[in-house]
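J.: Below is the sequence, then the predicted model.
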Amino acid sequence: MKRQLMAAATVCALAFSAGCATTETSDPAPVETAIATPSVLPDYPITAEGATRFIADAEAKYAEVSEYVARIQWARATNITFDTMWLEAKANAEATELQVQFANQAARFNDVEVDPVVRRKLNLLRLGLVLPAPNRPGAAEELAQLTTRLDSTYSTGKFEYQGRQITLDEASLILADSRDPAETKALYEGWRTISPVMKADYARMVEIANEGARELGFSDTGALWRSGYDMPADDFAAETDRLWEQVRPFYENLHCYVRARLNAKYGDAVQPDHGPIRADLLGNMWSQQWGNIYDVVAPTTGGASSYDLTELLKAAGYDATKMVKTGEGFYTSLGLEALPQTFWERSQIVRPRDREVVCHASAWDLDNADDIRIKMCTNVNGDDFYTVHHELGHNYYQRAYKNQPMLFRNGANDGFHEAIGDFVGLSALTPTYLNQIGLLEATPGAEEDIPFLLKMALDKIAFLPFGLMVDRWRWDVFSGATPPDQYNAAWSADMLKYQGLVPPGPRPADAFDPGAKYHVPGNTPYTRYFLAHIYQFQFHRAACKQAGWTGPLHRCSIYGNTEVGQRFNAMLEMGQSRPWPEAMQAFTGETTNDASAVADYFAPLNAWLTQQNRGHQCGWSEA
């Protein structure tokens, strides 16, 4: 799939936090301005009537500020200059200050009996802050300085390699291609030299954010994060454990197969045929997706596909606009409305020649109504073909819930927004769909199923334990179970426990490896990505069943099925107005998370892996 597949995709928690939902392939630029904003709403009586008035006023202000900030963010992203960066920093800071005020005011009504809709909106306002500052002089300023410094340290990180300073992007490209264990070790360890200086700032940031979380009624910041899923925080933790147990046996099967192939290539001295895998050998700086080493682990016979999607697109005369038109055609084939004319007039579909822009793909909703756009530097290749279908999923979700009240214009939970585009992407990658739209004359036979599924699993399945462990580490940090002097030891222990991986060598005493993953210093909750990797298969299975598909799940395409489209849109239109199980039920008929759909999709591969693993000692010790 991608050379640098998505580290994950960032979804805006609330509308003016950002005007976009974006698939990250590079790191966001740091914001260095923090501007105090005077109170914009009056005090309200601590009554049910006061809560209702507060919500009405907050939603009105929210709508006003949301569009203002989104348009400034778009201007900066599509024309990077000193002035647009200055404007965005100022607007972001003012919006953050407003969000702090809203959260604190909402918390004042914690013990007031109010209408259920009002209560849901109050809770969403409290949960909208990722890192809440306590309400005391200087706290917000100190927190802003810490987070800016952490973000800046990461974003400007470089390390010396072969006599020159290289960036993460450069290192990642070399790592993806390298099959030299000495080189991969040097790159893996080199990137992690940028993060030890973050440790003290990170520990202080945790202290301040926890103080703010307690003022909002949560035991710590981790509990605040876990409370955004329409269930008690502890129940959500248990639910993610349950989901992991559903997919863990398959991951261990994949791990066992990949380890054996790495052993065959590198020998016992580099990668033993038992125990954990050396993390730097997997083609990704965080070992979160393994698709870059397909050449190492491909089946010994029949590992090649009979077609190359990039070549099909080029042979058919596709350009960037036709790629996007084709993506739109998938959604309109389901009965959804065509994109508005303004989408085509205002989107950035290709890289402009006359200015600097942010090229990583993103989907935008600028006015919380119909001004939806994508921002891409689209290339005619298989990766961007998938990305187009994914990003338009965000746009169709954004437009579907536009008639909801302002605070409900979001995904059912933070995993839903990413899962929508990935769900459509599962159809878009099938040879069935490529045949339906005339790119492929005939669909390959069953002999190509294993290579197709193995490539998918190296990214989709390999990601699951990483998607879980990042926040497991942070939850323990926020709760105090992991003190600062144990930060790195706990990270390595979680790598071993969940991923079955170990670093290529002993880590230095001052190591802070969590800081080498953007979402930690950048303070982006990560469990959403684990959920999205479950939901997309659950959506796909339900849609294929509705479509009457009886073949293998991985060959199903829902293209052209308007009945599926009606149910799909019914879920999208709900936004965040109801608890996510109700949104799930509207489309799938199910009210719970169910990772068995992952197993159903990959069933032929799992059977094949089991056969390949005969005679091998699978699993690893967590000691």
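T.: Yes, it's here. Numbering: from 1, shown residues only.
J.: use CA for all of it now, contacts and neighbours both
T.: Fine.
J.: The lengthiest helix in the chain - what's its average pLDDT?
T.: Longest helix in the chain by number of residues, with DSSP state H as the criterion: helix 233-266. Per-residue pLDDT over helix 233-266 has a mean of 97.
J.: buried ones in that helix?
T.: 233, 236-237, 240, 243-244, 246-248, 250-263, 266 (16 or more other C-alpha atoms under 10 Å).
J.: repeat for stretch 265-278
T.: Quick answer for stretch 265-278 (16+ other C-alpha under 10 Å): 266, 270-278.
J.: Can you measure across that stretch, start residue to end residue?
T.: 13 Å (C-alpha to C-alpha, to the nearest Å).
J.: Residues contacting that stretch, please?
T.: Outside stretch 265-278, the residues that touch it by C-alpha atoms under 8 Å, 6 or more residues apart in numbering are 181, 255, 259-260, 262-263, 296, 496, 500-504, 616-621.
J.: just stretch 377-386 next, same as before
T.: 1-2, 309-311, 313-314, 318-320, 323, 327, 348-351, 359-361, 425, 428-429.
J.: How about stretch 609-617?
T.: Residues from elsewhere that reach stretch 609-617 (C-alpha under 8 Å, 6+ apart): 253-254, 256-257, 260, 273-274.
J.: Tell me how far G50 lies from A338.
T.: In terms of C-alpha to C-alpha, G50 sits 42 Å off from A338.
J.: who has more neighbours, these two?
T.: A count of neighbours by other C-alpha atoms under 10 Å puts G50 above the other of G50 and A338, at 16 against 13.
J.: could you measure the residue nearest to that one when sequence neighbours are not counted against L122, distance?
T.: In space, and not counting its chain neighbours, G50 is closest to Y44: 5.2 Å by C-alpha to C-alpha, 6 or more residues apart in numbering. The gap separating Y44 from L122 is 14 Å, by C-alpha to C-alpha.
J.: Please apply the same query to E67.
T.: 21 Å.
J.: more crowded one of those two?
T.: L122 (26 against 19).
J.: Which of the helices or strands spans the spatially closest residue to that one that is not a sequence neighbour?
T.: In this structure, L122 finds its nearest non-sequential neighbour in A106, 5.3 Å apart by C-alpha to C-alpha, 6+ apart. Element membership of A106 [criterion: DSSP states H and E] is helix 82-107.
J.: buried residues in the next helix or strand after that helix?
T.: Going down the chain from helix 82-107, the next helix or strand is helix 116-127, by DSSP H and E. For helix 116-127, burial by neighbour count (16+ other C-alpha under 10 Å) applies to 118-127.
J.: I'd like the average pLDDT over stretch 364-372.
T.: Mean predicted lDDT for stretch 364-372 stands at 94.
J.: Report the distance from it to the chain centre.
T.: 21 Å (C-alpha atoms, centre = their mean, to the nearest Å).
J.: what sits up against stretch 327-339?
T.: For stretch 327-339, contacts defined as C-alpha under 8 Å, 6+ apart pick out 385, 388-389, 392, 559-566, 569.
J.: which one of the residues you listed has the most neighbours?
T.: Among the contacts of stretch 327-339, H389 has the most neighbours (other C-alpha under 10 Å), with 29 neighbours.
J.: how far away is that one from E328?
T.: Distance, H389 to E328, by C-alpha to C-alpha: 8 Å.
J.: Kindly report the same for W191.
T.: In terms of C-alpha to C-alpha, W191 sits 39 Å off from E328.
J.: and if you look at D111?
T.: From D111 to E328 the distance is 47 Å (C-alpha to C-alpha).
J.: quick one: which of those two has more around it?
T.: Neighbour totals were compared for D111 and E328, and E328 leads with 20 against 9 (other C-alpha under 10 Å).
J.: Please, which helix or strand holds the more buried one?
T.: Counting by DSSP H and E, E328 is found in helix 320-333.
J.: Pull out the buried residues from that helix.
T.: Under 16+ other C-alpha under 10 Å, the buried positions of helix 320-333 are 320, 323-333.
J.: before we move on, what about stretch 599-618?
T.: Here stretch 599-618 shows 599-606, 609, 613, 618 as buried, counting by 16+ other C-alpha under 10 Å.
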